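**Q** Take a look and give me a structure for this.
(chains A and B)
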Amino acid sequence: MRMKHLVVFIGGLLFGFGLAFGGMAKQEIVLSFLQLKDLGLLLLLGGSAFVTALTINLAPKVLKRPFLGGEFKRRKRTLSKRTIIGAIIFGVGWGISGQCPGSAWASLGVGNTPVIIGIASMFIGAYVMGRFFT
Amino acid sequence: MFPLGIFPYIVGGILIGIGVSFIYIITGLHATQSSFFSTTLSYFSKRPYFQQKQYLNSRRWRITFAVGVILGALVYTLTLSPEGFFTTTVQWWRLALGGLLVGFGTRLSKGCTSGHGISGLASLSTTSLYAVVTFLVVGILTAMIVQALGVIP
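**A** Okay, the predicted model is just below:
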């Protein structure tokens, strides 16, 4: 259990370091992508998805199971109207603010304190979804 | 197309991929982001949605993960960052309104740029591919409209 948390923490460190290194803790850079002035975000997203794809698709061929037990599973989600409507609403929020959940945490790490407003709002949005739309 | 060069984006993306991969190989967990909001709300709301077994089972490691992300960005700021700490100039109402929609939308869609964009695409999920294309297109249109309305920054 402790080992699991240590591993998740180290992975989180890399995730946050990578986000900040790639400029994602700056809403200005995310917005400049969404205004198609700087397409770098696509490289970052594509690069991380590519590395992860290698791992998810090759790990089960090399290892029987994860080192700490359990099994290797793909991330599966069933397509529904909610998938797409949710993605539309997320896209509008992303385009208005340049924030997404991971980059919001990284923003705190670079001292970008106004994003606390965004994180508090994300909690409210997630609560409203879970309270009234399930 | 790349006024800041491609180096930070490529390196940042690879580091994120290594972080997610490290967690996956050792624990089998998909280290994604937006579920954090629902799993953490399970500490405060007794509603059945928030008390789902999978939320209760993952709420602790998701907090650990979020703390790691914050500290990872802090380590970057204190070491390699050329300019140190950064504060956005994007107006507070944009952060607030955008945040509301991001929290609502990602939970309705069951994924964000991380869950659908990284782990979902890496799992070769067509559901995630549809979600990613949707939020990319809508995000671009929205940012263009906001800019055209003269909202700067």
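**Q** Could you tell me how many residues sit around B:Leu124?
**A** B:Leu124: 13 surrounding residues under other Cβ atoms under 10 Å in any protein chain shown. No exception for glycine: its C-beta is placed from N, CA and C like everyone else's.
**Q** ok, now A:Met3?
**A** Taking other Cβ under 10 Å as the neighbour definition, A:Met3 ends up with a count of 11.
**Q** Make sure it is actually in contact with A:Leu68.
**A** Yes. With contact defined as Cβ atoms under 8 Å, A:Met3 reaches A:Leu68; the gap is 6.2 Å.
**Q** roughly how far apart are A:Val128 and A:Met24?
**A** Using Cβ to Cβ, to the nearest Å, A:Val128 is found at 26 Å from A:Met24.
**Q** Please apply the same query to B:Phe36.
**A** 17 Å.
**Q** Any buried residues in the lengthiest helix in chain B, and which?
**A** When every helix of chain B is counted residue by residue (DSSP state H), the longest turns out to be helix B:53-78. Neighbour counts over helix B:53-78 (16 or more other Cβ atoms under 10 Å in any protein chain shown) mark B:55, B:58-59, B:61-77 as buried.
**Q** Please list which of those also come close to chain A.
**A** The overlap between the buried residues of helix B:53-78 and the neighbours of chain A (Cβ under 8 Å from any Cβ of the partner chain) comes to B:61, B:64-77.
**Q** what number of residues lie near residue 110?
**A** In the absence of a named chain, chain A is used. For A:Val110, using other Cβ under 10 Å, the count is 28.
**Q** look at chain B instead
**A** Neighbours around B:Lys110, by other Cβ under 10 Å: 24.
**Q** For residue 61, give me the pLDDT.
**A** Defaulting to chain A. A:Lys61 carries a pLDDT score of 97 in this model.
**Q** try again with chain B
**A** On the pLDDT scale, B:Trp61 is placed at 98.
**Q** The one 4 residues further on too?
**A** The model reports B:Phe65 with a pLDDT of 98.
**Q** Test my guess that it contacts A:Phe9.
**A** Yes. Checked against Cβ under 8 Å, the pair B:Phe65 and A:Phe9 is within contact range at 7.3 Å.
**Q** contacting residues around B:Ser21?
**A** Contact partners of B:Ser21, counting by Cβ atoms under 8 Å, 6 or more residues apart in numbering or on different chains, are A:Val51, A:Thr52, A:Leu54, A:Thr55.
**Q** make it 6 Å
**A** A:Thr52, A:Thr55 (Cβ atoms under 6 Å, 6 or more residues apart in numbering or on different chains).
**Q** Which strand or helix spans it?
**A** Here B:Ser21 sits within helix B:7-27, counting by DSSP states H and E.
**Q** ok, then the element right after that helix?
**A** Once helix B:7-27 ends, the next helix or strand along the chain (criterion: DSSP H and E) is helix B:35-41.
**Q** Tell me if that following helix is near chain A.
**A** Yes. Using Cβ under 6 Å from any Cβ of the partner chain, helix B:35-41 reaches chain A at B:Phe37, B:Ser38, B:Leu41.
**Q** between A:Val128 and A:Met24, who's got more neighbours?
**A** Ranked by neighbour count (other Cβ under 10 Å), A:Val128 and A:Met24 place A:Met24 first, with 33 against 14.
**Q** Give me the number of neighbouring residues for the closest residue to that one other than its chain neighbours.
**A** Among residues not flanking A:Met24 along the chain, A:Ser103 sits closest, at 4.3 Å (Cβ to Cβ, 6 or more residues apart in numbering or on different chains). For A:Ser103, the count of nearby residues is 31 (other Cβ under 10 Å).
**Q** can you tell me how far A:Ser103 sits from A:Leu41?
**A** Separation of A:Ser103 from A:Leu41 (Cβ to Cβ) stands at 10 Å.
**Q** got it, and A:Pro101?
**A** 15 Å.
**Q** More neighbours: which of the two?
**A** Between A:Pro101 and A:Leu41, counted using other Cβ under 10 Å, the more crowded position is A:Pro101 (29 against 23).
**Q** wait, isn't that one in contact with B:Ser34?
**A** Yes. Between A:Pro101 and B:Ser34 there is a contact under Cβ atoms under 6 Å: 4.4 Å.
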